[in-house]
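>>> no sequence on this one, just coordinates:
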């Protein structure tokens, strides 16, 4: 499928693969699913014809086939079949193994965010997904659903009543993420639960509610020994917010908080003590602090987290189609002069590319890649690294905080004192954006060190899509004589909506402050659908170094 062919031949090949899915040999079925998953971004319409057979593979006894069928099913979703596909995937989620539930629920949220015909349908689907997934749900799905409810003013009554019905279930201990969303909704919009106008608009059986009954349900969650700490925090926050939305349940809420002020959990104890102290203040203080949360602005890249392909489907960029990292401005290397090395997708293959570039471009030779991987030991490994002009100094820099490097006392600089631009051994930094593509954003905060010809760089990596990225890795190649030392990155997973950025510190040595600084950057990560993505960039927008 990597070779461009006539559409008729490609359709014929897809039809043959579709028949392979009905083969009794599980190996043939797996190969067919794997090939269709690679083909769907080339001809989504042709692969759509095998949709019913792919959905049947969700019931296959082999776990590998079920996983590939799930990934392919999400890739086949488009605006015309989103309802039927969501129904099939929810049925699969109901009986799926626990190892599938987190990925399936997260992919369902991405699917609903992209193709939902209405916000009400999206909320219904996600509430069902949370109910079926149990405790196997990513934190960013909880945060994203909360954000969705806060955005949709016309659906808040419906959402809070549906979520309150979930709190009446007997098995809340196995549905903690759902309980967290429900507690937040009840705390924010509890007054809508008991309003007569909301009850009249309820399409299902009306809820006969009282303010004290709602508080009793929250109290049961707080006191439950099986509730997670974060769930109890959601519940105690909701109870405190209801003290400003209810009139008949203020005293029971205050009594509950006073009892929780002696809880064995330090976190619950502190929250309860702080909330109890608010009752001793004038009433307007409590109402002002506990007013409804403002709508959180979505990340700038939330609407294009996944690339569109012809005919729809949830896909990601193909790593094989990325531009050559080693050529400026995306220029391709001449295959006749620079043949691609074997195992080009491995680390050694990348290093071979660097050696080829060094031999072809003597003016800019010696690109030294620095990664988070530990260098192998031994004479052979040392010879390889020396051949590639890699920096093998045994220095192990300590990880530095990426925030600003400023001490807490700097917050009081307005009181007077030294106005020096130096903080903690380096100059104040300048922040630049070095890569922003498909929701991934990488920023460098560049500062000049006290040491001669040394530049410190704090790296912050954010994911502003609605899905989670994993296996993130960054490689940097400076131009000689510059040397780069990377500290270990703070993690490898990037939650959606910029909830958990990755931090890393980089030190550049032997820098010429009079000349422009350039770096070559390569990042790789894996999406929830299991596809590997590689992004490459030339970083040439560094600030003027001698003016830092």
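Received the coordinates, thanks. All of these numbers come straight from a predicted model, not from anything done at the bench. Residues are numbered from 1 along each chain as shown.

>>> Torsion angles phi and psi at residue 477?
phi -120, psi 110 (degrees, to the nearest 10).

>>> my guess is it contacts residue 520, does it?
Yes. Assessed by CB atoms under 8 Å, residue 477 is found in contact with residue 520 at 4.1 Å. C-betas here are computed from N, CA, C, even on glycine.

>>> what's the average pLDDT for stretch 72-84?
Across stretch 72-84, pLDDT averages out at 92.

>>> And stretch 225-236, by the same measure?
On average, stretch 225-236 scores 92.

>>> ok, now stretch 278-297?
84.

>>> One more: stretch 501-511?
89.

>>> and it, how far out from the chain's middle?
23 Å (CA atoms, centre = their mean, to the nearest Å).

>>> what's the answer for stretch 77-91, then?
For stretch 77-91, the distance to the chain centre is 23 Å (CA atoms, centre = their mean).

>>> I'd like to know which helix or strand in the protein has the lowest mean pLDDT.
helix 347-360 (a mean of 40; mean pLDDT, DSSP states H and E).

>>> Between the two ends of stretch 460-477, how far is it?
Length of stretch 460-477, first residue to last, CA to CA, to the nearest Å: 18 Å.

>>> Buried ones in that stretch, by neighbour count?
Neighbour counts over stretch 460-477 (16 or more other CB atoms under 10 Å) mark 460-469, 472-477 as buried.

>>> got it, and stretch 21-36?
Quick answer for stretch 21-36 (16+ other CB under 10 Å): 21, 29, 30, 32, 33, 34, 36.

>>> quick check: mean pLDDT across the host helix or strand of the last one?
In this case it means residue 36. If you go by DSSP states H and E, residue 36 is part of helix 26-39. Average pLDDT, helix 26-39: 89.

>>> residues making contact with that helix?
Contacting residues not belonging to helix 26-39 are listed as 1, 10, 13-14, 17-18, 20-21, 23, 46-47, 50, 54, 57, 60, 62, 64-65, 68-69, 71-72, 75 [CB atoms under 8 Å, 6 or more residues apart in numbering].

>>> Okay, strands next: where are they in the stretch 151-300 of the chain?
For the stretch 151-300 of the chain, no strands are identified by DSSP state E, counting those that start in this stretch.

>>> returning to what we had before: could I get the buried residues of stretch 21-36 in CSV, plus columns for distance to residue 531?
As requested, the buried residues of stretch 21-36 are exported to CSV (distance: CB to CB, whole Å):
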residue, distance to residue 531
21, 20
29, 20
30, 17
32, 18
33, 14
34, 12
36, 14
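
>>> chain center to stretch 21-40, what's the gap?
Using CA atoms, centre = their mean, the offset of stretch 21-40 from its chain centre is 29 Å.

>>> Pretty sure residue 433 sits against residue 441.
Yes. Contact status for residue 433 versus residue 441: in contact at 6.7 Å, counting by CB under 8 Å.

>>> Between these two, tell me which one has more neighbours.
More neighbours surround residue 441 than the other of residue 433 and residue 441, with 20 against 11 (other CB atoms under 10 Å).

>>> per-residue pLDDT, the more buried one?
Reported pLDDT for residue 441: 92.

>>> That one belongs to a strand?
Yes. Under DSSP: H, G, I helix; E, B strand; the rest coil, residue 441 sits within a strand.

>>> That one is in contact with residue 464, isn't it?
Yes. Between residue 441 and residue 464 there is a contact at 6.2 Å, judged by CB under 8 Å.

>>> Show only the entries of the contacts of helix 26-39 found in helices.
Mapping these onto helices (DSSP state H) picks out 10, 13-14, 17-18, 20, 46-47, 54, 64-65, 68-69, 71-72, 75.

>>> of those residues, buried ones?
Buried members of these, scored by 16+ other CB under 10 Å, are 10, 13-14, 17-18, 20, 46-47, 54, 65, 68-69, 71-72, 75.

>>> Out of those residues, which one has the weakest pLDDT?
Ranked by pLDDT, these bottom out at residue 10 (77).

>>> could you measure it against residue 52, distance?
20 Å (CB to CB, to the nearest Å).

>>> do the same with residue 293
Applying CB to CB, the value for residue 293 to residue 52 is 44 Å.

>>> And stretch 148-166, end to end?
18 Å.

>>> for the buried ones among the ones in helices among the contacts of helix 26-39, which one is nearest residue 234?
Relative to residue 234, the closest of these is residue 71; by CB to CB it sits at 31.9 Å.

>>> per-residue confidence for the nearest residue to the closest one once chain neighbours are set aside?
Among residues not flanking residue 71 along the chain, residue 529 sits closest, at 5.3 Å (CB to CB, 6 or more residues apart in numbering). On pLDDT, residue 529 comes in at 70.

>>> doesn't residue 529 fall inside a helix?
No. Counting by three-state DSSP, residue 529 is not found in a helix; it is coil.

>>> Torsion angles phi and psi at it?
Here residue 529 shows phi and psi, under degrees, to the nearest 10, equal to phi -80, psi 0.

>>> Any figure for the gap between the spatially closest residue to residue 228 that is not a sequence neighbour and residue 65?
With CB to CB, 6+ apart as the criterion, residue 228 has its nearest non-adjacent residue at 5.1 Å, and that residue is residue 176. From residue 176 over to residue 65 the distance is 30 Å, taken as CB to CB.

>>> One more: residue 253?
Residue 253 is 52 Å from residue 65, by CB to CB.

>>> Repeat that for residue 513.
58 Å.

>>> pLDDT weak spots in the stretch 251-400 of the chain?
296-400 (pLDDT under 70).

>>> re earlier: could you point out which of the ones in helices among the contacts of helix 26-39 is nearest to residue 220?
Closest to residue 220, out of all of the ones in helices among the contacts of helix 26-39 and judged by CB to CB, is residue 71, at 39.3 Å.

>>> so the closest one makes contact with residue 527?
No. Contact criterion CB under 8 Å: residue 71 and residue 527 do not qualify, at 10.1 Å.

>>> Give me the common contacts of the two.
The contact sets of residue 71 and residue 527 do not overlap (CB under 8 Å, 6+ apart).

>>> Double-check that residue 445 belongs to a helix.
No. Under three-state DSSP, residue 445 sits outside any helix and is assigned strand.

>>> Wait, it touches residue 429, no?
Yes. Look at residue 445 against residue 429 with CB under 8 Å: they come within range, at 4.1 Å.

>>> Sweet, I'm off.
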